[in-house]
Structure formats: structure tokens, C-alpha cells
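> A predicted structure for the sequence below; I have some questions about it.
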Amino acid sequence: MAPSNTPKPDAQNAFQLKPAVTPNPEAENIVHSLGKDSKGMEIICDTEARGHETPNGMSEEQLVLDATEGFIPLWEKGTTLRWRFRERSLINFANPTAAKDAIKHLLGEALTQWGDAAPVKFTEDEDVYDFEIVVRSGDECNPSGCVLASAFFPDAGRHELTIFPKMFTQTHKEQVDTLIHEIGHVFGLRHFFAKTKEKGFPAVTFGKQNKFTIMNYGVLSELTDADKADLKRLYQQAWSGALTEINGTPIKFVKPFHALAPAPDGSFALRDATAALKKLAKEEYIN
């Protein structure tokens, strides 16, 4: 997804909710804190609602990868993830179109920060999609803090990149950093401390970096050159066949949802079938 050339939206107005919408302060999931934002509010990543904040003095310094299923899932070379907005999730905005434009700009900025280290491309597709961008109508908070966003790890399912209203109250940098972090999960990255504090959900380490990483928490959560270099090297070595396992855990390449629709000779691909059905429905309506 390339950065948009359109003027940057007025985020303050773009994310204004309708007067009748009141965020829900009650938490539904057990979550953990990423630290405090610039306003002193505890913030939470809900993609991994199973860990805890890294203890002081922790020495783990490697890029941490998901191995929950007994293998390391990485995207197949040449993957493009197709996404769309869940339109009904935007109805609480006074101006849904402005909100979508602002979110697109935030996502574009986050992807630009990953640069050529990003192992996949992104494209908006209303018909055949791999994930939806969903904006919740209320916040998800508990005494520990509030969730800002959640994402997913590489696999062939359909997913959500979920954003909570609380994210839009953060500074612009915090909003972009939140999406950089969540996109890191989409690339297959776990939290910095996953191997020591999320032992029930196996992880492996690759590369070497200091504790300042976008996959860490709080003031330590910054995208670094080491983050990008390690991610780029990981995928390049895996795609070339030079790297097939890490510490005994095999690497498995996965395709996104849209790529699994069979298209043998004489049959429709899923995209073509969707287009054909739309055309048929339109013709029937006209007739």
C-alpha cells in the first residue's frame, strides 16, 4: 500500500463520533499493558492478550517469532494482503468518509516506516479480502488500561485489524506507532518478551537487537533499524531456502485467504465468481 498523495485529513474532525455514541468502559477480555501514553493512560495490545509486561532488567534481545502451532508461519514470497473496511463499523462517526481517509493515511504512514523490510504488500479490495479494518463502537478497558488495537498472525484465515476509539485520542505519533506494532504481528512477530513471559504460547528468536524495538512495550517501543534489518534478513533467507528452521522449529509458508480459491481451467476464480454474481444480480434487477 503506497502512501496517499491526497492532503492529510484533519484527524481531529475525522474521528469525531456522533453525539449519541458513548464508549463502553467495561473490559471483556483479560489484557496486558504496553505502558503509558503521553497522557499517562495505560495502553494495551490485544493481539496477544496472554502475556505480561517485561520485568526490569530482562536480557532477552532477539527478534521473537510466533511458533504457537509448532511451526513458524511466514508469508509466502510475493504475497499481497487484500483488505477492506467493515463499513458498518464506521457508522458511529459523524463523517465516515473522513474517518476512512484518516485511517488510510495512518496505515500508509505505518507501512512506510517498515519500508522495504515489509515482506508483504497491501491492497484495498471490496470483493475478495483477507482482513477487514474494524473500528469498535466503544473502548475496551479494565483497571490495567485500555486496548488501542489488535491484529493477527500469518495464516490462511480471514481476520480483523481492530481499532478502538481510544487510539484516536492519542498523539499522532502514538497512533502511527500502534499500527506499526500491530503490522509487526501481521508479519509474524511476537512481543519482545514472548519467550520468557508467554511460555504457554511457544516462540523462537532470530537475529540480535537491543531492547528498543517496536515489539516491546512503553518507552522501549520504537521501530529501529535492527527491527527492519532482522525482519528483512529473516524473510530473504527463508524464501531463498537458506533458512528452513530456527532452533529446531520448522518454518512453514502460508498463503492468504484469497489465494486459496482454486481456479482450474474452465472454472471461475473466487474473484471472477463474485464479479459474475454481481453482474447477474444487476441484470436481473434491470429486467
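Noted; the coordinates are in hand. Since the structure is predicted, the reported quantities are computational estimates derived from the model, not experimental observations.
> quick one: low-confidence ranges for the stretch 101-250 of the chain?
Applying pLDDT under 70 to the stretch 101-250 of the chain flags residues 191-212, 214-220.
> let's go with 80 and repeat that
144, 190-221 (pLDDT under 80).
> now do the helices in it.
Assigned by DSSP state H, counting those that start in this stretch, the helices in the stretch 101-250 of the chain fall at 172-186, 194-197, 225-240.
> if we compare those, which one ends up closest to residue 107?
Checking these against residue 107 by Cβ to Cβ gives helix 172-186 as the closest, at 6.0 Å. Just so you know, the C-beta spots here come from the backbone N, C-alpha and C atoms, and that holds for glycine as well.
> in the closest one, what's buried?
The neighbour-count check on helix 172-186 (16 or more other Cβ atoms under 10 Å) flags 174-186 as buried.
> okay, these in JSON lines with distance to residue 164 next?
Listed next are those as JSON lines, based on distance: Cβ to Cβ, whole Å:
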{"residue": "174", "distance to residue 164": "13"}
{"residue": "175", "distance to residue 164": "12"}
{"residue": "176", "distance to residue 164": "16"}
{"residue": "177", "distance to residue 164": "15"}
{"residue": "178", "distance to residue 164": "10"}
{"residue": "179", "distance to residue 164": "12"}
{"residue": "180", "distance to residue 164": "17"}
{"residue": "181", "distance to residue 164": "14"}
{"residue": "182", "distance to residue 164": "12"}
{"residue": "183", "distance to residue 164": "17"}
{"residue": "184", "distance to residue 164": "18"}
{"residue": "185", "distance to residue 164": "16"}
{"residue": "186", "distance to residue 164": "17"}
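> out of the residues you listed, who's nearest residue 130?
Using Cβ to Cβ, residue 186 is the member of the buried residues of helix 172-186 that lies nearest residue 130, at 9.9 Å.
> ok, back up a step: distance to residue 151 added to the helices of the stretch 101-250 of the chain, as a markdown table?
A markdown table is the format used below for these (distance: least, Cβ to Cβ, whole Å):
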| stretch | distance to residue 151 |
| --- | --- |
| helix 172-186 | 4 |
| helix 194-197 | 15 |
| helix 225-240 | 15 |
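> for the spatially closest residue to residue 95 that is not a sequence neighbour, list the residues it contacts.
Residue nearest to residue 95 in three dimensions, not counting chain neighbours: residue 14, with 6.7 Å by Cβ to Cβ, 6 or more residues apart in numbering. Contact analysis of residue 14 by Cβ atoms under 8 Å, 6 or more residues apart in numbering lists 93, 95, 98-99, 101-102.
> pull the most distant pair out of those.
Farthest pair in those, by Cβ to Cβ: 93 and 101, 11.1 Å.
> between these two, tell me which one has more neighbours.
residue 93 (22 against 19; other Cβ atoms under 10 Å).
> do a quick rundown of the strands in the chain.
For the chain, strands defined by DSSP state E occupy the ranges 33-36, 42-45, 63-66, 72-75, 80-85, 121-124, 131-135, 141-142, 145-150, 159-163, 203-206, 245-246, 249-254.
> in TSV: those, plus distance to residue 229 and mean neighbour count.
Converted to TSV, the strands of the chain look like this (distance: least, Cβ to Cβ, whole Å; neighbours: other Cβ atoms under 10 Å):
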stretch	distance to residue 229	mean neighbour count
strand 33-36	23	18
strand 42-45	23	24
strand 63-66	10	25
strand 72-75	17	22
strand 80-85	22	18
strand 121-124	20	15
strand 131-135	26	20
strand 141-142	36	20
strand 145-150	25	25
strand 159-163	25	22
strand 203-206	11	20
strand 245-246	16	16
strand 249-254	19	16
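> residues contacting residue 129?
82-84, 158, 257-258.
> and if we set it to 7 Å?
82-84 (Cβ atoms under 7 Å, 6 or more residues apart in numbering).
> ditto for residue 82
Neighbours of residue 82 in contact, by Cβ under 7 Å, 6+ apart: 123, 125, 128-130, 258.
> which one of these is nearest to residue 73?
Nearest member of the contacts of residue 82 to residue 73, counting by Cβ to Cβ, is residue 130, at 13.9 Å.
> identify the spatial nearest neighbour of that closest one, chain neighbours not counted.
Closest residue to residue 130 apart from its sequence neighbours, by Cβ to Cβ, 6+ apart: residue 256 at 4.2 Å.
> give me phi/psi at the one you found?
Here is the backbone geometry of residue 256 (degrees, to the nearest 10): phi -70, psi 170.
> kindly tell me how buried it is, as a neighbour count.
Counted by other Cβ under 10 Å, the residues lying close to residue 256 total 23.
> much appreciated, bye for now.
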